[in-house]
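Q: what follows is a predicted structure for the sequence shown.
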Amino acid sequence: MIYKYSRLLALSLLLSFFFGTAKAQNAHRTFDVSAGQKLELDLETGGDVTITGWDRNQVEVTVNIDGRDKDDITISMEQSSKGIEVSSEFKKRRSRADINLVIRVPRKFNLDISLTGGDVHIEDVDGDIEGSSMGGDIVLTGLTGHVDFSTMGGDIELTNSTVDGSVHTMGGDVDIIDVTGSVEGTTMGGDVTHNNVKSGKGGANSEVKINTMGGDVNVDEALYGADLHTMGGEISIRKAAKFVKATTMGGDIQVDEIDGWIEANTMGGDIFVTMVGGKDGDRHIVLESMGGSVEINVPTGLSMAFDIEIKLTRDADDEEYGIESDFDMSVSKEDRKSDSRWRSGGVITGTGSVNGGRNKVKIRTTNGNVIINEGR
């Protein structure tokens, strides 16, 4: 009787190890699930995570742990009516270990991921995908649905997906490439690149919004408008429609094609804009630079009213800067060097209107040229 009880106790402990919480070691588990359920991943220990969708109604979890304190990690895997919950924690505060999770889920599955640090790679999953990492790169590819992901210190790459949502990093680059949907990408200290991003059903008529505190912004296409801001980099747009709002504290702004209106401002760079399309609708132009040249190309026959001003500093060469235009306008130069009340070395202004003057063309720069071309 005692022997039988001992065997039952040993079996109970063994089941507890595999199906509940256990001291960490390399492990492999498979759960039967339903499509549309959720994987909740909460790694207080941090770790690298790879999640891939497959054509099975199963969640497969493979855990590999290495390092000096690998035996001080507790891993929990639990199944509920909502899906699968996987978590980890240290039994000691200052433990050292490398944790790697490889997880397979049904292609249609929801994800909720929280890491204290580590890289994340998610591929071929359709669902609501939410997550955050305190420090690591995020690679998202082949996704469908909605995404909301952030990292405190790494790059984010979203490719070959049909999703709406947002991605954010505090200290890295954001690349959104070959994506259909409305996705906002922001970074506090890196470049943001939009390449072949098109609006889908959920993101129809959505503008491209990008913010970065210290990097370049590169947009391939923004057919429903672009609202772009960087504190310290260049802004480049290949093709846009409806409108462009672009602001940088320290770089050039270049818009190869804009079929609509534009407002652009830089504290220390050149501005180059080509307006395309017809003459109807709102096509006002406001371009301001604190230290560079401004060049615009406009369609033939566009109705415009010019308001142009070039400020010159005291040490500027008056003959070096001016207004070059394919349109007739009144250009005047005021020399303020002899007036001690003015710190400026002078100002060049250009005014006038063509074809009825319906669209305002306001240009401001300091120590730079203004060039206005027709039909180029």
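A: Received, thanks.
Q: roughly how far apart are Arg96 and Thr116?
A: Remark: distance between Arg96 and Thr116 (Cβ to Cβ, to the nearest Å) = 14 Å. Glycine gets a C-beta too; all of them are placed from N, C-alpha and C.
Q: looking at those two, which one has more neighbours?
A: Remark: of Arg96 and Thr116, Thr116 carries more neighbours, 17 against 11, as counted by other Cβ atoms under 10 Å.
Q: ok, the nearest residue in space to that one that is not next to it in sequence - contacts?
A: Nearest residue to Thr116, sequence neighbours excluded (Cβ to Cβ, 6 or more residues apart in numbering): Gly46, at 4.4 Å. For Gly46, the contact set (Cβ atoms under 8 Å, 6 or more residues apart in numbering) comprises 99, 115-118, 134-135.
Q: which one of those residues sits in the busiest neighbourhood?
A: Neighbour-wise, these (other Cβ under 10 Å) top out at Leu115, 26 neighbours.
Q: now that residue. Nearest residue, chain neighbours left out?
A: Excluding its sequence neighbours, the residue lying closest to Leu115 (Cβ to Cβ, 6+ apart) is Ser133, at 4.3 Å.
Q: was I right to think that neighbour contacts Thr151?
A: Yes. The pair Ser133 / Thr151 is scored as a contact, 4.5 Å apart, by Cβ atoms under 8 Å.
Q: now the common contact residues for the two.
A: Residues touching both Ser133 and Thr151 (Cβ under 8 Å, 6+ apart) are Val120.
Q: quick one: the helices in the stretch 251-376 of the chain?
A: Counting by DSSP state H, counting those that start in this stretch, no segments of the stretch 251-376 of the chain form helices.
Q: run through it and note the low-pLDDT ranges.
A: 318, 336-344, 376 (pLDDT under 70).
Q: what does the stretch 101-250 of the chain give?
A: Within the stretch 101-250 of the chain, the set of residues satisfying pLDDT under 70 comprises 200-205.
Q: ok, Thr366 to His284 distance?
A: Thr366 sits 22 Å away from His284 when distances are taken as Cβ to Cβ.
Q: so between the two, which is more surrounded?
A: Neighbour count, other Cβ under 10 Å: between Thr366 and His284, Thr366 has more, with 19 against 16.
Q: number of nearby residues for the nearest residue to the more buried one once chain neighbours are set aside?
A: Excluding the flanking residues, the one nearest Thr366 by Cβ to Cβ, 6+ apart is Lys311, at 4.5 Å. Lys311 has 19 neighbouring residues, counting by other Cβ under 10 Å.
Q: just checking, Lys311 touches Thr365?
A: Yes. Between Lys311 and Thr365 there is a contact at 7.4 Å, judged by Cβ under 8 Å.
Q: surely Tyr321 meets Asn369?
A: Yes. With contact defined as Cβ under 8 Å, Tyr321 counts as touching Asn369 (5.5 Å).
Q: the two: which has the busier surroundings?
A: Shown here are Tyr321 and Asn369; by other Cβ under 10 Å, Tyr321 has more neighbours (20 against 17).
Q: next one: the residue nearest to the spatial centre of the chain from Val49, what distance?
A: Centroid-nearest residue in the chain: Gly185, 1.9 Å away (criterion: Cα atoms, centre = their mean). Gly185 sits 21 Å away from Val49, going by Cβ to Cβ.
Q: and Lys92, what does it touch?
A: The contact partners of Lys92, by Cβ under 8 Å, 6+ apart, come to 69, 72.
Q: how far away is Gly36 from Lys82?
A: 10 Å.
Q: show me where the stretch 1-150 of the chain has its helices.
A: With helices called from DSSP H, counting those that start in this stretch, the stretch 1-150 of the chain shows them at 2-19.
Q: just the strands from it, written as ranges.
A: With DSSP state E, counting those that start in this stretch applied, the stretch 1-150 of the chain shows strands at 21-23, 27-32, 38-43, 48-54, 58-66, 73-79, 83-90, 98-106, 110-115, 120-123, 126-133, 138-141, 144-151, listed in chain order.
Q: likewise for the stretch 251-376 of the chain?
A: Assigned by DSSP E, counting those that start in this stretch, the strands in the stretch 251-376 of the chain fall at 253-266, 271-275, 285-289, 294-298, 304-313, 323-325, 330-335, 344-354, 359-366, 370-374.
Q: what pairs with the fifth one, and is each one parallel or antiparallel?
A: What it means is strand 304-313. strand 344-354 (antiparallel), strand 359-366 (parallel) (DSSP bridges).
Q: just to revisit the earlier point, wait, which of the contacts of Gly46 is closest to Ile210?
A: Among the contacts of Gly46, Gly135 lies closest to Ile210 (Cβ to Cβ), at 22.6 Å.
Q: that older thread, quick check: the residue nearest to Thr116 vs Leu115, distance?
A: Taking Cβ to Cβ as the measure, Gly46 falls 5 Å from Leu115.
Q: wait, Asp315 touches Gly345, no?
A: Yes. Asp315 is in contact with Gly345 according to Cβ under 8 Å; the separation is 7.0 Å.
Q: more neighbours, those two?
A: Gly345 (17 against 7).
Q: and the gap between that one and Gly136?
A: 52 Å.
Q: swap in Thr274?
A: Per Cβ to Cβ, Thr274 is found 40 Å from Gly136.
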